[in-house]
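> Compute the structure for the input listed below.
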Amino acid sequence: MWGRAVLALLAALAALVLALLMTPVRVRMWFGGEGFRVRATVAVSPWPFLFWVRVYDRAHGGQALAASGESWVERLPKLLRTLKQMALTLSRGAAPGHRVIDLAVDVAIGAGDAAATGLLCGAVHATVWGAVGVLYARAASPRRPPKVSISAAFSDVCFRADVSLTIQLLPMRVLRSQGFLRAALRLARDAS
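Residues are numbered from 1 along each chain as shown. Next up is the predicted model:
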């Protein structure tokens, strides 16, 4: 008697877990920053997408740059390598079959010199469009084309970037994606 009740309870629990894993979830990510100060926020919305729950909100950087005495222009090559690594890690980590709901990228960059600013804009264009291409290539059916704005400030020294990404995915596909697991482990290892 108790055996049947326990089996029925386990079967109901397994069905509930499977239903949750097959229910679509939307993930919204915001990354924004100026110079070396970056803020990252991630929010999740379960189906039917009526509310958002913030799961990650953290500001990074700024103090080390002030302590080192270097200007951000001197450290810009390292920043570009870091941004490229982050963009490729996030785009590779996306589970195949996700749906891109919305993507907006706004970047303003200037080195104080027209030639250097042109070179930096070219590097930023390659990084941004490469990551967008990988993200959209793995998407099931994007809702809208990406909105990408990269502007050059030829006379100023500045670096500002804002990225907003909303994707819809199935948790089961995310768990089955080896790229996601590797990306999550790499990000966890880098955070510690």
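> Quick one: residues contacting residue 42.
27, 28, 29, 30, 54, 55, 56, 57 (Cβ atoms under 8 Å, 6 or more residues apart in numbering). All C-beta atoms are positioned from the backbone trio N, CA, C, and that covers glycine.
> top of these by neighbour count?
With neighbours taken as other Cβ atoms under 10 Å, the top of the contacts of residue 42 is residue 27, carrying 19 neighbours.
> coming back round to it: turn the contacts of residue 42 into CSV, columns for distance to residue 20.
Shown next, in CSV, are those (distance: Cβ to Cβ, whole Å):
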residue, distance to residue 20
27, 15
28, 19
29, 22
30, 25
54, 20
55, 16
56, 20
57, 24
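> quick one, longest helix in this structure?
Across the chain, the longest stretch assigned as helix under DSSP state H is helix 114-137.
> so for that one, what's the average pLDDT?
Mean pLDDT, helix 114-137: 85.
> now swap in stretch 8-19 and tell me
Across stretch 8-19, pLDDT averages out at 88.
> Name the residues of it that come out as buried.
Neighbour counts over stretch 8-19 (16 or more other Cβ atoms under 10 Å) mark no residue as buried.
> Residues contacting the one helix or strand residue 58 maps to, please?
Taking DSSP states H and E as the criterion, the element that holds residue 58 is strand 53-60. Strand 53-60 is contacted from outside by 37, 38, 39, 40, 41, 42, 43, 44, 45, using Cβ under 8 Å, 6+ apart.
> Make JSON lines from those and add pLDDT and distance to residue 20 to it.
Rendered in JSON lines, the data for the contacts of strand 53-60 read as follows (pLDDT from 0 to 100; distance: Cβ to Cβ, whole Å):
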{"residue": "37", "pLDDT": "67", "distance to residue 20": "37"}
{"residue": "38", "pLDDT": "70", "distance to residue 20": "32"}
{"residue": "39", "pLDDT": "76", "distance to residue 20": "30"}
{"residue": "40", "pLDDT": "76", "distance to residue 20": "26"}
{"residue": "41", "pLDDT": "82", "distance to residue 20": "24"}
{"residue": "42", "pLDDT": "81", "distance to residue 20": "19"}
{"residue": "43", "pLDDT": "86", "distance to residue 20": "18"}
{"residue": "44", "pLDDT": "86", "distance to residue 20": "13"}
{"residue": "45", "pLDDT": "87", "distance to residue 20": "14"}
